[in-house]
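1. Please work out how this folds:
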Amino acid sequence: MPALWIAHVTVTDEAAYAEYARLAGPAIAAHGGSFLARGGRFVQLEGRERPRNVVARFDSVEAAEACYASDQYQAALDHARGASERELMIVEIAD
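-> Below is the predicted model:
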């Protein structure tokens, strides 16, 4: 079943996070992920607001997990650590 990769992010170092974004996009695409939302307009209704929200679609939870665990994505993630506060989850899409 398809799955969504959902990230809620507060960027604390724009330059370092820009490098993460530059590297993460190709890593996500290499694992079959496609972006549905990437930092666009949002309305916070509940919980902690994060100004950057990203949603990518994958063919499965396993494909999204494989992307996250990949050397390519981990190299990108090295730039996000210390440059952002974030939550990331993978959610299977219901029928």
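2. what sits against residue 26?
-> residue 72 (CB atoms under 8 Å, 6 or more residues apart in numbering). The C-beta positions use only the backbone N, C-alpha and C, and glycine is treated the same way.
3. And it, how close does it get to residue 79?
-> Separation of residue 26 from residue 79 (CB to CB, to the nearest Å): 13 Å.
4. can you give me the strands in this protein?
-> Counting by DSSP state E, the segments of the chain that form strands are 3-11, 34-38, 52-58, 84-92.
5. wait, which of these is closest to residue 65?
-> Across the strands of the chain, residue 65 has its closest neighbour in strand 84-92 (6.5 Å, CB to CB).
6. With distance to residue 19 added, can I get the strands of the chain in JSON lines?
-> Shown next, in JSON lines, are the strands of the chain (distance: least, CB to CB, whole Å):
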{"stretch": "strand 3-11", "distance to residue 19": "12"}
{"stretch": "strand 34-38", "distance to residue 19": "16"}
{"stretch": "strand 52-58", "distance to residue 19": "15"}
{"stretch": "strand 84-92", "distance to residue 19": "12"}
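7. Pull up the gap between residue 37 and residue 6, please.
-> According to CB to CB, residue 37 and residue 6 sit 9 Å apart.
8. joint contacts of the two?
-> In contact with both residue 37 and residue 6: 53-55, using CB under 8 Å, 6+ apart.
9. For residue 54, which non-adjacent residue is spatially closest?
-> Distance criterion CB to CB, 6 or more residues apart in numbering; nearest residue to residue 54, sequence neighbours excluded, is residue 7 at 4.4 Å.
10. Over to residue 48?
-> Leaving out its chain neighbours, the residue that sits closest to residue 48 by CB to CB, 6+ apart is residue 8, at 7.8 Å.
11. Right, I'll leave it there.
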